[in-house]
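Student: Whatever this is, show me its structure:
(one chain, ligands or ions: 1)
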Amino acid sequence: MGYNFSAGPGIMPAQVVEQIKRDMPSYQGSGMSIMEISHRSALYTDLAAEAQQDLRDLMHISDDYAVLFLHGGGTLQFTNVPLNLAQQHHHVAYLNSGHWAQKALEAAQRIEGLQVDDVPSLDGNLPTIQDPQRGALDYLHITTNNTIEGTTYHHIPTIDQPLVADMSSNILAQPYDINQFDLVYAGAQKNIGPAGMAIVIVKRERLTDQPILSEIMDYRLEDKKDSALNTPPVFCTYAAGLTFKWLKQFGGVDAIYQRNQEQAKMLYDFIDNSKLFNNPVLPAQRSLTNIVFVTGDAQLDAQFIAAARAQGLVNLAGHRLVGGIRASLYNAMPTAGVTALINVMKDFEVQHG
Ligand code: PMP
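Tutor: I've put the predicted structure just below:
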């Protein structure tokens, strides 16, 4: 039995993959696969409406917010967010907590006439959120989980600025009060479904009718058209919908958060007691979903990654920018996967410790 520890595209629930297999030849007896159905047919509009409602249920999202299923992954939202939300003060701030936060910041900096403050978010090594106190901002952007660095904010303080969050790598892994945010976005391919889609949850009162660069980047128009202004990512929305149903059956976000905490603790505890493996992140900032560790020797790291791969534990290499080892424990990772990883680490330690 193999397990996928990739940071994204991440592991999907086995039941979801099985359901896709069953549906593939003929979705709901239509004679067409899910990839062929019309986005103007009830087959699609029903599944999209259900997926949206299930996400609303899981995250307790009221009608004050639009829930959009859009093309372009997390990266396109780096540009869409400032285009849509920086309309009043033309001034935004970004907490610069890691690689992806920096990418979001750089995308905003490309927009002409927008003042973008780069706010350091590390106190020593600890990511902190503080009010940058820069007068009225259109928003303060935070990245709730730093996928590459394996760090996270464990607490979102109340801040006197509208908050925007990139939750790409921990959406649905732990509960958040959506009402703390004016906008939340996430690429789908970690905790939700296949790559090729982003989810945007945005307070409707923030969407003005000023024209945006392109209609397809305009959240207000996409909301009006139920995310189908053009041909929407039908397969992704369908698969996301199955994942939402799976998560509901599991008991929802609180239940999966409990399991995620237990699984992360198993691995962190093992690393902390290991004489070979080391996690460089302070406990107070450790990610729930992306657990980074090293042996201190790049060659040994590579040997470990190969040894794990030989046991069916794949995609354990750290991001190419930082190297090392990274185990991503998204919602679909069963406890057996974490146990299997720890067993391989134990064996490797005996041989190389
Ligand atoms: N934000 C975060 C926190 C990420 O981890 C990633 C991808 N790893 C992105 C944004 C970019 O997402 P995408 O590849 O969907 O554009």
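Student: now the helices for the stretch 1-150 of the chain?
Tutor: Using DSSP state H, counting those that start in this stretch, the helices of the stretch 1-150 of the chain run over residues 14-23, 42-59, 73-85, 99-109.
Student: Would you tell me which of the ones you listed gets closest to the ligand?
Tutor: Evaluated over those, closeness to the ligand peaks at helix 73-85, with 2.6 Å, by CB to the nearest ligand atom. The way it works is simple: take the backbone N, C-alpha and C, and place the C-beta from them, glycine included.
Student: got a list of what Gly135 touches?
Tutor: Contact analysis of Gly135 by CB atoms under 8 Å, 6 or more residues apart in numbering lists His89, His91.
Student: quick one, what contacts Met24?
Tutor: By CB under 8 Å, 6+ apart, the contact set of Met24 is Ser33, Ile34.
Student: If I look at it, what pLDDT would I see?
Tutor: The per-residue pLDDT reported for Met24 equals 94.
Student: what's the distance between it and the ligand?
Tutor: Met24 sits 24 Å away from the ligand, taking CB to the nearest ligand atom, to the nearest Å as the criterion.
Student: same deal with Asp118?
Tutor: The separation that Asp118 has from the ligand, given CB to the nearest ligand atom, amounts to 17 Å.
Student: cool, and Leu267?
Tutor: Going from Leu267 to the ligand by CB to the nearest ligand atom gives 19 Å.
Student: pretty sure that residue contacts Leu341?
Tutor: Yes. Leu267 lies in contact with Leu341 (CB atoms under 8 Å); the separation is 6.9 Å.
Student: what about these two, which has more around it?
Tutor: A count of neighbours by other CB atoms under 10 Å puts Leu341 above the other of Leu267 and Leu341, at 25 against 20.
Student: where's that one, which helix or strand?
Tutor: Taking DSSP states H and E as the criterion, Leu341 maps to helix 335-352.
Student: could you give the mean pLDDT of that helix?
Tutor: Rounded to a whole number, the mean pLDDT of helix 335-352 is 97.
Student: could you pull out the helices for the stretch 151-300 of the chain?
Tutor: 219-224, 234-250, 252-273, 298-310.
Student: Name the stretch among these that sits most buried.
Tutor: Of all the helices of the stretch 151-300 of the chain, helix 234-250 carries the top mean neighbour count, a mean of 21, counting by mean count of other CB atoms under 10 Å.
Student: before we move on, back to that, export the helices of the stretch 151-300 of the chain to TSV and tack on mean pLDDT?
Tutor: Formatted as TSV, the helices of the stretch 151-300 of the chain follow (pLDDT from 0 to 100):
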stretch	mean pLDDT
helix 219-224	96
helix 234-250	98
helix 252-273	98
helix 298-310	97
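Student: who wins for proximity to Met1 among the ones you listed?
Tutor: helix 298-310 (13.4 Å; CB to CB).
Student: Residues in contact with the helix or strand just after that closest one: which ones?
Tutor: Following helix 298-310 in sequence order, the next helix or strand is strand 313-314 (DSSP H and E). Contacts to strand 313-314, defined as CB under 8 Å, 6+ apart, come from residues Gly2, Tyr3, Asn4, Phe5, Ser6, Ala308, Gly337, Ala340, Leu341, Val344.
Student: Show the contacting residues for the second one.
Tutor: This means Tyr3. Contacts of Tyr3 (CB under 8 Å, 6+ apart): Ile11, Gly312, Leu313, Val314, Met333, Pro334, Ala336, Gly337, Ala340, Leu341.
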